[in-house]
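K.L.:
give me the fold of what follows.
(one chain, ligands or ions: 1)
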Amino acid sequence: MRNCASNLFINHTHMDQHSVIEKFKVIKKKQFYTITPMVLVVILLVVLLENPKFALFGLSRTVLYVVAFGGIFLGLIFSLKNWRCPACNGYLRKNVNPKFCPKCGIKLQEN
Ligand SMILES: [Zn+2]
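P.N.:
Presented below is the predicted three-dimensional model:
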């Protein structure tokens, strides 16, 4: 029974705990730089829908809609690829600050 828990931990991943935490820091940073512009784009969309006469840099509304929906779409695609566990590649779901992977249970962040 000695070290049972830690053996289990090592067996189900090929990466050591430290490199998983380091990799997750990068994933989290990328996710932040994806989500932040997406939030701005969603705000832009809301402004567009609420104000029929709103214009930005003289661009037509069609262009703004295409840019906004395109940006959201690309952001979602990137999130689906990026927001994954470094050890098992499982999707981390909607948790914005996961401490553990919901799939393999590996620790993703130091407390
Ligand atoms: Zn995992």
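K.L.:
separation between the closest residue to residue 78 other than its chain neighbours and residue 80?
P.N.:
Closest residue to residue 78 in three dimensions, ignoring its sequence neighbours and counting by CB to CB, 6 or more residues apart in numbering: residue 34, at 5.3 Å. Placement of C-beta: from N, CA and C, glycine included. Going from residue 34 to residue 80 by CB to CB, to the nearest Å gives 11 Å.
K.L.:
more neighbours, those two?
P.N.:
residue 34 (17 against 10; other CB atoms under 10 Å).
K.L.:
returning to what we had before: residue 82 is in contact with the residue nearest to residue 78, correct?
P.N.:
Yes - the pair residue 34 / residue 82 is scored as a contact, 6.9 Å apart, by CB atoms under 8 Å.
K.L.:
is the helix ranked longest in the chain anywhere near the ion?
P.N.:
In the chain, assigned by DSSP state H, the helix with the most residues is helix 17-50. No - counting by CB under 5 Å from the ion, the ion has no neighbours in helix 17-50; the shortest distance is 8.3 Å.
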